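Visitor: only geometry, no sequence info:
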């Protein structure tokens, strides 16, 4: 469904159901996707899904049958869940179990219409330290519910159909060929056509191409920052490029040091503070966070959806002792000034639990595309 204007269609369906005073819930597997839906929130927050969906063979939502939200679920007519392909199959199974329990019925989803949207050619569920096989096993297609799902497809790319870009159609077809595995490859490597890319040989050349005149980035308009990003597959590569970028910036610099502690004090002797400081879990800010006024940053947690959610891009406006003042670059609150505080964060992919008190921010000159991990 990629770029078929599916979000427009889903909002239309949601509006139709709500226009008859019926209840329709809109959720998504990531914070950014949720902001595109009218009244959208993340599925984890809405349905109170467990952080570790693999801990139980029959996961369920942490929703009390006596709660107000349970009353809402008893009367609900439609649930729209976007980017379902990047969600663990246990999330949908937990929703099914909980709806049956709350509504006291044994039918699939208790008869509630559930619209699941996504594209399996895109990001699949992230399994920490897992193999490709583990990722495939965690997909919705491997769920016992999959055979009971009716599949509908959107076939026309409306952005290309309605747009005026000369080469948009060819680029769209190229993406489909790559996604379907039809594009010529060698040892699982593809060669991107030269007219679609510029080849550089050093990190500095890459930075110069993406961020020309980077020393004066604080004078650049928001639109200029929004249309630029450097993508890397791994955190280590992102860190190297970010360090190079930071040395190119002018302006006030401030270093924020986190406070790291183990959750279970019995582990304190096994995991000293110095060791905790060295950890760099995915989707978590670093122990030593270096920021400069004017640089683009990315939010790593949902603070105030839809304004401030996981993946929101911002520009540093001022650096205070306990607050980072920033301007929102993307989303419904674009251009608004906000204040980001330090918050406690707990990664969920470690053999022990530790808490990091730090600003939930990361320099967004580099994005390794793993911001959707459901950490605490």
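Guide: All right, it came through fine. Keep in mind the model is a prediction, meaning the values are calculated, not measured.
Visitor: quick one: the helices in the stretch 251-376 of the chain?
Guide: Using DSSP state H, counting those that start in this stretch, the helices found in the stretch 251-376 of the chain span residues 273-278.
Visitor: One more: the stretch 1-150 of the chain?
Guide: Under DSSP H, counting those that start in this stretch, the stretch 1-150 of the chain gives helices at 6-19, 31-35, 43-47, 68-75, 89-103, 132-137.
Visitor: what packs against the second one?
Guide: Okay, so that is helix 31-35. Counting contacts by 3 or more C-beta pairs under 8 Å, 6 or more residues apart in numbering; DSSP states H and E, helix 31-35 is packed against strand 23-28, strand 41-42. All C-beta spots, glycine's among them, are computed from the backbone N, C-alpha and C.
Visitor: Turn these into CSV, columns for distance to residue 120 and mean pLDDT.
Guide: CSV is the format used below for these (distance: least, C-beta to C-beta, whole Å; pLDDT from 0 to 100):
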stretch, distance to residue 120, mean pLDDT
strand 23-28, 16, 96
strand 41-42, 20, 90
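Visitor: Looking at those, which is nearest to residue 118?
Guide: Residue 118 lies closest to strand 23-28 among the helices and strands packed on helix 31-35, at 9.6 Å (C-beta to C-beta).
Visitor: what comes up buried for that closest one?
Guide: By neighbour count on 16 or more other C-beta atoms under 10 Å, the buried set for strand 23-28 is 24, 25, 26, 27, 28.
Visitor: dump the residue contacts of the residue lying closest to residue 329 once chain neighbours are set aside.
Guide: Excluding its sequence neighbours, the residue lying closest to residue 329 (C-beta to C-beta, 6 or more residues apart in numbering) is residue 313, at 4.3 Å. Contacts of residue 313 were listed using C-beta atoms under 8 Å, 6 or more residues apart in numbering, and they are 225, 226, 296, 297, 298, 299, 328, 329, 330, 364.
Visitor: for residue 280, same thing?
Guide: 235, 239, 286.
Visitor: so can I have JSON lines of those showing distance to residue 356, neighbour count and pLDDT?
Guide: As requested, these are exported to JSON lines (distance: C-beta to C-beta, whole Å; neighbours: other C-beta atoms under 10 Å; pLDDT from 0 to 100):
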{"residue": "235", "distance to residue 356": "15", "neighbour count": "19", "pLDDT": "76"}
{"residue": "239", "distance to residue 356": "17", "neighbour count": "16", "pLDDT": "81"}
{"residue": "286", "distance to residue 356": "9", "neighbour count": "21", "pLDDT": "93"}
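Visitor: For the protein, name the helix or strand with the lowest mean pLDDT.
Guide: strand 366-367 (a mean of 54; mean pLDDT, DSSP states H and E).
Visitor: which residues in the stretch 101-250 of the chain form strands?
Guide: All strands of the stretch 101-250 of the chain, identified by DSSP state E, counting those that start in this stretch, fall at 113-116, 230-231.
Visitor: comparing the ones you listed, which gets the lowest mean pLDDT score?
Guide: Mean pLDDT is lowest for strand 230-231 among the strands of the stretch 101-250 of the chain, at a mean of 85.
Visitor: Against which helices or strands is that strand packed?
Guide: With contacts defined as 3+ C-beta pairs under 8 Å, 6+ apart, strand 230-231 has these neighbours: helix 203-210, strand 366-367.
Visitor: Within the sheet, what are the partner strands of it, with directions?
Guide: When pairing is defined by DSSP bridges, strand 230-231 lines up against strand 366-367 (parallel).
Visitor: so what's residue 41 up against?
Guide: Contacts for residue 41 (C-beta under 8 Å, 6+ apart) come out as 26, 27, 28, 34, 305.
Visitor: In contact with the first one, which residues?
Guide: Right, the one you point to is residue 26. Listed by C-beta under 8 Å, 6+ apart, the contact set of residue 26 reads 10, 14, 34, 37, 38, 39, 40, 41, 80, 82.
Visitor: Between the helices of the stretch 1-150 of the chain, which has the poorest mean confidence score?
Guide: Among the helices of the stretch 1-150 of the chain, helix 31-35 scores lowest, with a mean of 85.
Visitor: Please work out which residues outside it touch it.
Guide: Counting by C-beta under 8 Å, 6+ apart, 26-28, 40-42, 82-83, 302, 305-306, 309-312, 331-332, 371-372 sit against helix 31-35.
Visitor: Next one: residue 98 from residue 28, what distance?
Guide: The gap separating residue 98 from residue 28 is 18 Å, by C-beta to C-beta, to the nearest Å.
Visitor: Apologies, that question was intended for residue 233.
Guide: Distance, residue 233 to residue 28, by C-beta to C-beta: 23 Å.
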